[in-house]
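# Quick one, what's the 3D model for this:
(one chain, ligands or ions: 1)
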Amino acid sequence: MRSYFLRIPMVESQFDMSPPGVVLKQMEIGPMMNFIYLIGCSETREAAVVDPAWDVSTILRIAQESDLKVNRVLVTHAHPDHINGLGELLEATDAAVYMNVNEIDYMKEIAARFRLPIEFMNRRSGNFRPLSDGEQVLVGKVPIQFLHTPGHTPGSQCFLVERRLISGDTLFINACGRVDLPGGDPEKMWWSLNRKLASLDDDTILYPGHNYAEHPTSTLGEQKRSNPYLQFTSVNQFVHAMRGL
Ligand SMILES: [Fe+2]
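You can find the predicted model right below:
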């Protein structure tokens, strides 16, 4: 069985793409081209890590170099390549962890299935703050809105901050996340993509969970025009197409 906790030589690159009042950094870390994000408040210097994985010391070093203090973790979903640094980050920062309420049990199921060590969920249970769709959390003075977008996993969620969408494995540039893994649901993915995310403004900037495209970002407007998974008007056609992949 493959261990997701092996230390594999990492690729690190980072981009600063901050709107006013916010420090936003996109970091490519690890062997699966994950994008990990820092969202900080330019005034209070408090920050959240989105999807702590693969190399916590690098994430914390970049935070420190950016004069940011990590006190929150935002989890898009509980697949190991997005959370395999969560325990280590909690030990280092004692941060509060914001996950969708539907993802807590799923994370335990996945951990049991892959025999992943998540005893920190019991040891640090007070750090976990389950959230529902539409809730808002402040990182310093920066409001972040949570959008529940099931389909890739039951509790997948995206984060909206200053007209920027951090989309995890729900929406990629010209692609979307898999729906054939445990907990995947093509009907829910259709709704998340073609109803929920498609309702966002065209000038919303997209920040995906992996560096799978030619460019690290896009806009919702571009994706509504060019992403094949955002072109389905019928849920049945979408489900049929996804099952045929
Ligand atoms: Fe995933």
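
# Low-confidence ranges, the chain, go.
1-16, 245 (pLDDT under 70).

# Up against the ion, what does it have?
79, 169 (CB under 5 Å from the ion). No exception for glycine: its C-beta is placed from N, CA and C like everyone else's.

# where along the chain do the helices fall?
56-65, 80-83, 86-93, 103-114, 120-123, 186-191, 220-226, 235-243 (DSSP state H).

# Around M107, count how many other residues there are.
23 (other CB atoms under 10 Å).

# got it, and G184?
Neighbours around G184, by other CB under 10 Å: 18.

# How about the contacts made by it?
151-153, 178 (CB atoms under 8 Å, 6 or more residues apart in numbering).

# same thing but 6 Å
Residues counted as contacts of G184 (CB atoms under 6 Å, 6 or more residues apart in numbering): none.

# returning to what we had before: any idea which of the helices of the chain is most buried?
helix 80-83 (a mean of 22; mean count of other CB atoms under 10 Å).

# Name the nearest residue to F172, sequence neighbours excluded.
P208 (4.7 Å; CB to CB, 6 or more residues apart in numbering).

# measure stretch 60-77 end to end?
21 Å (CA to CA, to the nearest Å).

# Also stretch 148-165?
First-to-last residue span, stretch 148-165, CA to CA: 12 Å.

# coming back round to it: just tell me which of the helices of the chain ends up closest to R72.
helix 86-93 (9.0 Å; CB to CB).

# Could you name the helices and strands sitting against the closest one?
Helices and strands touching helix 86-93, by 3 or more CB pairs under 6 Å, 6 or more residues apart in numbering; DSSP states H and E: there are none.

# How many residues are close by the residue nearest to F172?
Count around P208 with other CB under 10 Å applied: 28.

# again with the one 3 residues further on
By the criterion of other CB under 10 Å, N211 has 19 neighbours.

# That one against N34, yeah?
No. The pair N211 / N34 is not scored as a contact, 7.8 Å apart, by CB atoms under 6 Å.

# Contact partners for the residue nearest to F172?
By CB under 6 Å, 6+ apart, the neighbours of P208 are 167, 172-173.

# coming back round to it: compare the helices of the chain and give me the one nearest P143.
helix 220-226 (19.1 Å).

# who touches that closest one?
Taking CB under 6 Å, 6+ apart as the rule, helix 220-226 contacts 200, 202, 204, 230.

# Not counting sequence-adjacent ones, nearest residue to the second one?
In space, not counting the residues next to it along the chain, D202 is nearest to G221; the distance is 3.0 Å by CB to CB, 6+ apart.

# For N227, see how far away the one you found is.
11 Å (CB to CB, to the nearest Å).

# circling back: ok, so of the contacts of P208, who is nearest the ion?
F172 (10.5 Å; CB to the ion).

# Let's have the helices of the chain in CSV, adding distance to V73.
Shown next, in CSV, are the helices of the chain (distance: least, CB to CB, whole Å):
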stretch, distance to V73
helix 56-65, 10
helix 80-83, 9
helix 86-93, 6
helix 103-114, 13
helix 120-123, 12
helix 186-191, 24
helix 220-226, 25
helix 235-243, 30
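
# so which of those gets nearest E135?
helix 103-114 (13.7 Å).

# Next, the contact list for A53, please.
34, 81-82, 84-85.

# residue contacts, I118?
Contacts of I118 by CB under 6 Å, 6+ apart are A111.

# try it again with 8 Å
87, 107-108, 111.

# How about V137?
Taking CB under 8 Å, 6+ apart, one finds 72, 74, 98, 131, 143-144, 146 in contact with V137.

# out of those residues, who's nearest the ion?
L74 (14.9 Å).
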